[in-house]
Every structure is written in C-alpha cells, then in structure tokens.
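predicted structure and sequence below. I'll ask about it afterward.
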Amino acid sequence: MLKRVAKVVAERLFGPYQLNRIYMRELEQVAAAPPARYDIRPISSAEQFAAAIDQRMREHAWYAGENAPGFGLWENERLVCTCMFWNHKRFSDSSPIRVGEREAVLVDVITAQESRGKGYAPALIGFAEAALKRAGFVRLYAWVWHSNHPSRRAFEKAGWKYVAFVVQTTPLGWGKPVRFEKRIHSRT
C-alpha cells in the first residue's frame, strides 16, 4: 500500500515521465544486402496494417505514414511482424532522442502473439538496417524502457550499442519537459 501511495505522489509531483535506455546502431558496419529468407516488404501506409493477424498489431497502424519508413514480415499474405522508424521530421523537441537529418529512430517493433519465438523481429530489424543504409541513413536509435529486459537483450544481441540513459519529466505540470541524460558511450 505504501509503495502505491508513493507512486501516486511521485506521478503528481513529477508529472508524465520517461526512464529510457537509448541504443544506437551505426549503419556503416551493416551489410548492404538484406537476408532473403522471409517475405519482407516496405510499409508505407497505415492501411497495410489491415493484413495483420491480430488486433494488437492493427492498433499500431498509427506509427506508419509520412516520414516513417517501415517494414513488415508476411507469412501466407498475413502481416505477422512490423518494424517502424521515424525520421527527424516526425519528432518534436519533447522526444527522448535528438534525431539528425540522416538518422532515424526505431519507434515500434511488434510480432503477432502466435508468431513469437520464430526469430521474425531480429530478421526484420536486420532487413530494415540494410534498407535504411541503402536509403542514405547513417545511424539508427531506439529507446527502451529501463526495465524492459527482453528488449534490452535483443538490441544488445543485434549489435546495437547502449549509449545513454535518459530521464524526462514534466514536474508540477510545467509546459516544457525537463530532461537529464547520462551518456554511457560516445554517440560518434
């Protein structure tokens, strides 16, 4: 009970908050040719999410659109995994990551419940890295909630480097968020 009360008090005092680990992937080290093992296609509109096999995936359609390169993995013409990025034009100043012109942020990866454990997400991310490199991007970022251990392990296993820890909050309802960043490794 005391823990719950403390959480409510902290939320009212500090407002909306984020505690994120920031990961980075330099694309110069990514192979230019993507794997051809799966049926992977670009996603350019929210309408393509209609082919998703579960409702939770369809609810992620809002990640698609202008300035949002994305990719999907299909199994028998059914969308089973998506990987969406946003470029610098899609972000606001309140984003936990500062994004340059030739950079993008992996904002969403989701695999249908019945298709998990088949290695689809890592394959899709690998394909996306190569495709974005060919499109002229030089660096990718992702932010992961501090306690999301499976995502942290997945990014580290895929060769992404943990570069910063970001705390962002809007105390007492101030208009502009307050941001604290601890760099773990140099980003360049």
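Received it, and whenever you're ready, just let me know what you need. Numbers count the residues shown, from 1 in each chain.

do you have the strands of the protein handy? List them.
17-26, 39-43, 70-75, 78-87, 103-111, 139-145, 161-169, 178-183 (DSSP state E).

can you list the strands that the fifth one pairs with?
The reference is to strand 103-111. strand 78-87 (antiparallel), strand 139-145 (parallel) (DSSP bridges).

single out the most deeply packed of the strands of the chain.
strand 78-87 (a mean of 24; mean count of other Cβ atoms under 10 Å). For glycine as for every other residue, the C-beta is placed from the backbone atoms N, C-alpha and C.

other residues contacting stretch 135-145?
18-28, 69, 85, 96-97, 99-100, 102-107, 129, 132, 151-152, 155, 160, 166, 187 (Cβ atoms under 8 Å, 6 or more residues apart in numbering).

ok so, going back, confidence-wise, which of the strands paired with strand 103-111 is weakest overall?
Comparing mean pLDDT across the strands paired with strand 103-111, the lowest value falls on strand 139-145: a mean of 88.

restricting to C-alpha, output it in CSV.
Taking C-alpha atoms only, strand 139-145 is exported to CSV below (Å, rounded to 0.1, in the frame of the first residue of the first chain):
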residue,chain,number,x,y,z
ARG,A,139,22.6,6.0,-37.8
LEU,A,140,19.6,4.4,-36.0
TYR,A,141,18.4,4.9,-32.5
ALA,A,142,15.9,3.1,-30.2
TRP,A,143,14.7,3.8,-26.8
VAL,A,144,13.8,1.1,-24.4
TRP,A,145,12.0,1.4,-21.1
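
hang on, the earlier thing: would CSV of the strands paired with strand 103-111 with distance to A52 be doable?
Formatted as CSV, the strands paired with strand 103-111 follow (distance: least, Cβ to Cβ, whole Å):
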stretch, distance to A52
strand 78-87, 4
strand 139-145, 21
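
S44: which of the ones you listed is closest?
In terms of Cβ to Cβ, the element of those nearest to S44 is strand 78-87, at 10.9 Å.

pull the closest one out as PDB, backbone CA atoms only.
Written as PDB, here are the backbone C-alpha positions of strand 78-87 (Å, rounded to 0.1, in the frame of the first residue of the first chain):
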ATOM      1  CA  ARG A  78      -0.800 -12.200 -43.400                       C
ATOM      2  CA  LEU A  79       1.200  -9.500 -41.600                       C
ATOM      3  CA  VAL A  80       2.900 -11.100 -38.600                       C
ATOM      4  CA  CYS A  81       5.700  -8.600 -37.600                       C
ATOM      5  CA  THR A  82       6.300  -4.900 -38.200                       C
ATOM      6  CA  CYS A  83       9.200  -2.600 -37.600                       C
ATOM      7  CA  MET A  84       8.600   1.100 -37.800                       C
ATOM      8  CA  PHE A  85      11.100   4.100 -37.800                       C
ATOM      9  CA  TRP A  86      10.500   7.800 -37.700                       C
ATOM     10  CA  ASN A  87      13.000  10.300 -39.200                       C
END
